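**Q** Please find the sequence and the predicted model below.
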Amino acid sequence: MKNYTTMLTDRPEDGLLLVTFNKPDSLNAIGPEMLDELDDLFGSLMNDEETKVVIFTGAGRGFCAGADLGAAAAHEGSEHFSDPERFLKLVQERYGSIILNIRRIPQVVISAVNGPCAGGGFCMALASDVRIAAPEAVFVASFINIGLSAGELGTTYLLPRLIGLSRASEILYSGRKVTGEEAEKIGLVNKLVPKDALVKEAIDLAGPILQKSFPALKFTKMALNQNVDAPTLESAINLENRNQALMVFSGTFFEMVKHFIAQSK
């Protein structure tokens, strides 16, 4: 894994990649350079069969404050803001690709939210497979607070599926802060963990996942992605049947079954 300017990468264990957003002075806000580096990171992970789990967390007191609004303001009147079509291509779709890529990469993604998590950072946490948080975490869908629609970067798709439509609606319309304690209560995060133990807990959480085969994890994520919106139970089972047929002939099934039986005796 290459060195980045806006992110630190580490491999605490085989198969595990720890990514720490490293712009603490701006609460790890996402600017053009981080966008480029995230594109590169996701591109490398797309065909990486050695990495099974990716953990995202933030340096300093924040997880990610979302888009760097200072950088955005500096571009006012530039090519990026010359017309809606250019803005869509140069800005909006680039930020949206972060969320799509979190769901597209075959690795399991865990967000360890250590502090403020707003805007695009909030959406990154929503798109992750698992979320844990420190009590200091604060979640904000801040888009509506700066004159934008709260329907941004997948929030209106992901948030209702995690916490229900009514709760999601109130949070998105109001743009209010959701504390770590409330986030755990409503199911937005899996659990609260003391801040100084957050990364260790994320690594421990990854432990059992790392014991599984890469194809098994990849096909499980694929099924979750597609079957959350399956039109019928039959179509969901058809996809699962196809995946299982591929897995049985993957070369590891009978070996792992024998191991499982031996361990059960």
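**A** Sure thing, it's come through. Owing to the predicted nature of the structure, the values given are computational and were not obtained by experimental measurement. Residues are numbered from 1 along each chain as shown.
**Q** Report the contact partners of the closest residue to residue 210 other than its chain neighbours.
**A** If the residues on either side of it in the chain are set aside, residue 210 comes closest to residue 15, at 4.7 Å by Cβ to Cβ, 6 or more residues apart in numbering. Quick note: C-beta positions are derived from backbone N, CA and C, even for glycine. When contacts are counted by Cβ atoms under 8 Å, 6 or more residues apart in numbering, residue 15 touches 50-53, 210.
**Q** From those, which land in helices?
**A** For the contacts of residue 15, membership in helices holds for residue 210, with DSSP state H as the criterion.
**Q** who's in contact with stretch 192-207?
**A** Residues lying outside stretch 192-207 but in contact with it, judged by Cβ under 8 Å, 6+ apart, are 12-13, 16, 18, 53, 55, 57, 108, 110, 112-115, 130, 132-136, 180-181, 184, 191.
**Q** Show me what counts as buried in it.
**A** Within stretch 192-207, the residues scored as buried using 16 or more other Cβ atoms under 10 Å are 192-193, 195, 198-199, 201-203, 205-206.
**Q** quick one: which of the residues you listed is nearest residue 8?
**A** Distance ranking of the buried residues of stretch 192-207 against residue 8, using Cβ to Cβ, places residue 199 first at 11.6 Å.
**Q** Following element in sequence after the strand or helix carrying that closest one, please.
**A** Residue 199 is part of helix 198-210, with elements assigned from DSSP states H and E. Toward the C-terminal end, the helix or strand that comes next after helix 198-210 (DSSP H and E) is helix 214-227.
**Q** circling back to that earlier point, show me what the mean pLDDT comes to for the helix holding residue 199.
**A** Model confidence over helix 198-210 averages 98 on the pLDDT scale.
**Q** Just want the angle from that helix to helix 214-227.
**A** Using axes from the mean of the first three to the mean of the last three Cα atoms, to 10 degrees, the direction of helix 198-210 lies 100 degrees away from that of helix 214-227.
**Q** so how far is helix 198-210 off the chain centroid?
**A** In this view, helix 198-210 has its centroid 15 Å away from the chain centroid, taken as Cα atoms, centre = their mean, to the nearest Å.
**Q** what does stretch 224-238 give?
**A** Relative to the chain's own centre, stretch 224-238 is displaced by 22 Å; criterion: Cα atoms, centre = their mean.
**Q** from now on call the first residue 55
**A** Renumbered: residue one is now 55, and that last one reads stretch 278-292.
**Q** Just the buried positions in that stretch, please.
**A** Neighbour-count burial for stretch 278-292, with 16+ other Cβ under 10 Å as criterion, is recorded at residue 290.
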